[in-house]
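Visitor: Just a sequence and a predicted model for now, questions to come.
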Amino acid sequence: MKKYNFNAGPCVLPRQAVEASIEAIRNFDNTGIGLLEISHRTPGWEKVMSDCVALWRELLNIPDNYKVLFLGGGASTQFFTVPSNLMSTKAAYLETGVWAKKAMKEAKFYGEAVTVASSADKNFSYIPKEYTIPKDADYFHITTNNTIYGTEIKEDIDSPITLVADMSSDIMSRPIDISKYGIIYGGAQKNVGPAGVTFVIVREDLLGKVERQIPSMVDYRSHIKNDSMFNTPPVFPIYVMFETLKWVKSLGGVEKMQEINQNKAALLYNEIDRNKMFVGTAAKEDRSLMNVCFVMHEDHKDKEAEFMTFAKEQGMVGIKGHRSVGGFRASIYNSCPVEAIEALVKCMQEFEKKNS
């Protein structure tokens, strides 16, 4: 039976990226040595690093005054790296879910961290709209896509202070005006590769302004100076990321990805809204294009376990919702093919007929 991968991360990857990476494990760059065994100081690997940075710059139109870094530690490490580098006295956070709360918690080690607005009152089922960004804060932090709750900020915010964004789960899914941000960061394992590498896009002139001493590994300048090789980089995840970005470019870039993602999401949301068995959990205007969350209709709550079993029998993998929301979640990142969404929609329709 064919399996359809809707896991929230690590997630589905482009087949061509997987195949290219498997071949590189066997023989990297015709060296006769596998990718997992090579030195990161070999010319072939240094070219992969520079070419991967160039692809990031090309696909997102990143200005020259921004640096692109590939680091370890996941987005969670950036929760304290960002305030370490930027926060002198105060930072502002938009609280839209678990990851935003965790980022804010880490910032409190460095100074005052304030909540500008929160959607906790409705279990983070919407994005706050009316709020004032404090101009006396060192930066304003947002989480653009909330994987657990299925909400997303789909436009670039105009901020009067430095804007920092965790884009772990929607990077490369749409064009971005990079100039509106001071720092963009995220784990690769949703849209641009496997777990193990973290991307950081940072405007260089923001650095070196805080008075505190910063440990070398936490100081972005250490990694900028050494082209992301201050220490041994996560070689394999970066290579898979490189191949994944080549795939994005081959499809037409982030503009085409946005079109594809909008069509995929519409297909699934339309079925959720039509099908009498299910109800979406996120406010319609804030529905994520990456993580589609839904539950059983109130009249069919007793059918949740039955649908989960039915869906698994139809080849659906990873659609169980997060424990804080319940129900179901289909993560339909860039590499999730429309075929998978069509199969899930068919599964939902068949379940409806089965229970009519």
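Guide: Cool, the structure landed.
Visitor: When you work out contacts or count neighbours from here on, use the C-alpha atoms and nothing else.
Guide: OK.
Visitor: can you give me the mean pLDDT across whichever strand or helix holds I260?
Guide: Taking DSSP states H and E as the definition, one finds I260 inside helix 253-274. Summarised as a single mean, pLDDT over helix 253-274 is 98.
Visitor: Check what contacts that helix and list those residues.
Guide: With contacts defined as Cα atoms under 8 Å, 6 or more residues apart in numbering, helix 253-274 is touched by 59-60, 172-175, 248, 251, 278-280, 289-290, 292, 294, 332-334, 338, 341-342, 344-345, 348.
Visitor: and the next element down the chain from that helix?
Guide: Next in sequence after helix 253-274, counting helices and strands by DSSP H and E, comes strand 278-280.
Visitor: Which ones among the contacts of helix 253-274 lie within helices?
Guide: 59-60, 248, 251, 338, 341-342, 344-345, 348 (DSSP state H).
Visitor: ok, of those, which come out buried?
Guide: 59-60, 248, 338, 341, 344-345, 348 (16 or more other Cα atoms under 10 Å).
Visitor: Take the residues you listed and write them to a markdown table, including distance to I201.
Guide: Shown next, in a markdown table, are these (distance: Cα to Cα, whole Å):
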| residue | distance to I201 |
| --- | --- |
| L59 | 13 |
| L60 | 11 |
| V248 | 18 |
| V338 | 30 |
| I341 | 31 |
| L344 | 35 |
| V345 | 37 |
| M348 | 40 |
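Visitor: got JSON lines for those residues, with pLDDT too?
Guide: JSON lines is the format used below for those (pLDDT from 0 to 100):
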{"residue": "L59", "pLDDT": "98"}
{"residue": "L60", "pLDDT": "98"}
{"residue": "V248", "pLDDT": "98"}
{"residue": "V338", "pLDDT": "98"}
{"residue": "I341", "pLDDT": "98"}
{"residue": "L344", "pLDDT": "98"}
{"residue": "V345", "pLDDT": "98"}
{"residue": "M348", "pLDDT": "98"}
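Visitor: Among these, which one lies nearest to T132?
Guide: Among these, L60 lies closest to T132 (Cα to Cα), at 28.2 Å.
Visitor: so the closest one touches S179, yeah?
Guide: No. The criterion here is Cα atoms under 8 Å, and L60 misses it with S179 at 10.8 Å.
Visitor: For T31, grab the count of nearby residues.
Guide: When counting by other Cα atoms under 10 Å, one arrives at 12 neighbours for T31.
Visitor: and it, how far is that from E130?
Guide: Distance of T31 to E130, computed by Cα to Cα, to the nearest Å: 57 Å.
Visitor: And P237, which helix or strand is it part of?
Guide: helix 235-251.
Visitor: List the buried residues in that helix.
Guide: Those would be 235-249, for helix 235-251 by 16+ other Cα under 10 Å.
Visitor: now for those residues, which pair is the farthest apart?
Guide: V235 and K249 (21.3 Å).
Visitor: Report the contact partners of K246.
Guide: L55.
Visitor: just use 800 as the starting number from now, easier for me
Guide: Okay, using 800 as the starting number, the last item reads as K1045.
Visitor: That one and V1053, how far apart?
Guide: From K1045 to V1053 the distance is 12 Å (Cα to Cα).
Visitor: on that earlier part again, closest one to Q1113 out of the buried ones among the ones in helices among the contacts of helix 1052-1073, please.
Guide: Closest to Q1113, out of all of those and judged by Cα to Cα, is L1143, at 8.5 Å.
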